[in-house]
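>>> Whatever this is, show me its structure:
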Amino acid sequence: MKVNMVSYLSFVSLLFFPGFATAKLSEMATTLLPNVVRVTSKISGYSESGFGFVIGEDDRHYYFVTANHVVRGPRPKDVASHIKVNFFRDSSKVYSADLLPMSGEKKDDIALFKIDKIFRGEDNPPLELFRWDVGGMNGRMLMGESVVSIGKKSKWYIGQTPGKIVKSNESLVIVDNLDVEKGSSGSPLIDENGIVGILIDHDLDKTKITRLEKVYQLAEKHGIPWGMKNRQNEIALNGEWCLQEKWLEDSRFGSAVSFEIEMIDLVRFMVSSKNRSIVGVGILEGNKVKAWWRTDRPVWESAEFVINDKSIKDRMQIHGIARDNEDDENYELLMTKREGRISKAFYCE
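Okay, here's the model as predicted:
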């Protein structure tokens, strides 16, 4: 059996997974993919680029934070005339953003913008599955803590090695050896529990971060919504499942493995196996499932599945193709869950 699980990326960063950051940091950063955007702006005849991430929503808009210098220049009149946003889950679409008039203290270097929920007369699909972590709101950010950031050279990227916090106060954090480059301003800083700050400056091996608390204080002062609305998940993945695999040249599925799925929030789930060392995470997107996992081997695998409609009485099935990165081959997986507890007679004989 060649299986194990982690979140929403066939992007290159997870293919290099062994040896980059820690498992928890990487899993957390990967599951935040729906929250992070690429930002480009035009300011008084020149262009700026960076990143941003969602902080809240109301009935009409989604609200984001980015570094102030990505959307404003050094002079008062140097304000972005156009702000364009791309979501990494659907980078082919470009969305127009409206810069909000408020900004933080100069040293904090933070700005807020919003995007309409209705775009060109259609619902805005990339925004419907945001998840939210306020990891930095509980006074953590300790000296020596490992962190990663998301975004590099205008592309989705998770650092191959974590940086270390070397200085932290109520406003700013300094991180050594964070795997970023110029042009990463506005990207989120991630610890094992979620977003803890926003990247505002990078020089050689030192990176300056504004704490998430400062973003929250600016939003609260001006009545900007904080956090995402609750959404009901119609698909109950929780429970025991039977998984079978078939290499594409085989005529039938091989022996089955039993494992459990546990939803962490409305999008993210964890996977563990009872009779094999399979562990990982995934993301639910409508009737699609994307997952990353590993066994006792150091190589991570990934898969993309479709949840079949409930035409199979009292069962749910997930069917799709997985990728074995070590052997550079694809194989077919079929996962079956019965409503309620699955009996041993049915479950992975």
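>>> ok, longest strand in this protein?
strand 90-103 (DSSP state E).
>>> and that strand, what's its mean pLDDT?
Average pLDDT, strand 90-103: 84.
>>> which parts of it are buried?
Neighbour counts over strand 90-103 (16 or more other C-beta atoms under 10 Å) mark 95, 97, 99, 100, 103 as buried. (Each C-beta comes from the backbone N, C-alpha and C, glycine too.)
>>> Report whether the expected contact of the last one with residue 79 is present.
No. With contact taken as C-beta atoms under 8 Å, residue 103 and residue 79 are classed as non-touching, separated by 10.0 Å.
>>> which residues of the stretch 51-200 of the chain score low on pLDDT?
Along the stretch 51-200 of the chain, the model assigns pLDDT under 70 to residues 89-91, 118-141.
>>> That one: strands as residue ranges?
Using DSSP state E, counting those that start in this stretch, the strands found in the stretch 51-200 of the chain span residues 61-67, 82-87, 90-103, 110-116, 118-119, 122-123, 146-152, 155-158, 163-168, 172-176, 188-191, 194-203.
>>> and those, which is most packed in?
strand 188-191 (a mean of 27; mean count of other C-beta atoms under 10 Å).
>>> For that one, name the packing helices and strands.
Packing partners of strand 188-191 (3 or more C-beta pairs under 8 Å, 6 or more residues apart in numbering; DSSP states H and E): helix 23-31, strand 146-152, strand 194-203.
>>> Now render the ones you listed as CSV, adding distance to residue 218.
Shown next, in CSV, are the helices and strands packed on strand 188-191 (distance: least, C-beta to C-beta, whole Å):
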stretch, distance to residue 218
helix 23-31, 24
strand 146-152, 20
strand 194-203, 11
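>>> Nearest to residue 332 among the ones you listed would be which one?
Smallest distance to residue 332 across those (C-beta to C-beta): 23.7 Å, for helix 23-31.
>>> what sits up against the helix or strand just after the closest one?
Next helix or strand after helix 23-31 toward the C-terminus (DSSP states H and E): strand 36-43. Outside of strand 36-43, the residues within contact range by C-beta atoms under 8 Å, 6 or more residues apart in numbering are 47-54, 64, 66, 70-73, 78-88, 91, 97, 150-151, 154-156, 186-188.
>>> now swap in stretch 67-79 and tell me
Here stretch 67-79 has contacts from 39, 41, 43-44, 48-50, 52, 80, 83, 99, 103-104, 108-111, 113, 185-186, 198-200, using C-beta under 8 Å, 6+ apart.
>>> try it again with 10 Å
For stretch 67-79, contacts defined as C-beta atoms under 10 Å, 6 or more residues apart in numbering pick out 39-46, 48-52, 80, 83, 97, 99-101, 103-106, 108-113, 183-187, 198-201, 210.
>>> do you know which of the strands of the stretch 51-200 of the chain lies nearest residue 325?
Here strand 155-158 is closest among the strands of the stretch 51-200 of the chain (C-beta to C-beta), at 16.0 Å.
>>> Extract the C-alpha trace of the closest one and format it as PDB.
Below are the C-alpha coordinates for strand 155-158, written out as PDB (Å, rounded to 0.1, in the frame of the first residue of the first chain):
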ATOM      1  CA  LYS A 155       4.100  32.700  -6.800                       C
ATOM      2  CA  TRP A 156       2.800  30.300  -4.200                       C
ATOM      3  CA  TYR A 157       5.700  29.000  -2.200                       C
ATOM      4  CA  ILE A 158       6.400  27.600   1.200                       C
END
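>>> what's it packed up against?
Under the contact definition 3 or more C-beta pairs under 10 Å, 6 or more residues apart in numbering; DSSP states H and E, strand 155-158 sits against helix 12-15, helix 23-31, strand 36-43, strand 146-152.
>>> can I get the strands of the stretch 51-200 of the chain in TSV with distance to residue 216?
Below are the strands of the stretch 51-200 of the chain laid out as TSV (distance: least, C-beta to C-beta, whole Å):
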stretch	distance to residue 216
strand 61-67	10
strand 82-87	21
strand 90-103	13
strand 110-116	10
strand 118-119	27
strand 122-123	28
strand 146-152	18
strand 155-158	24
strand 163-168	17
strand 172-176	15
strand 188-191	14
strand 194-203	11
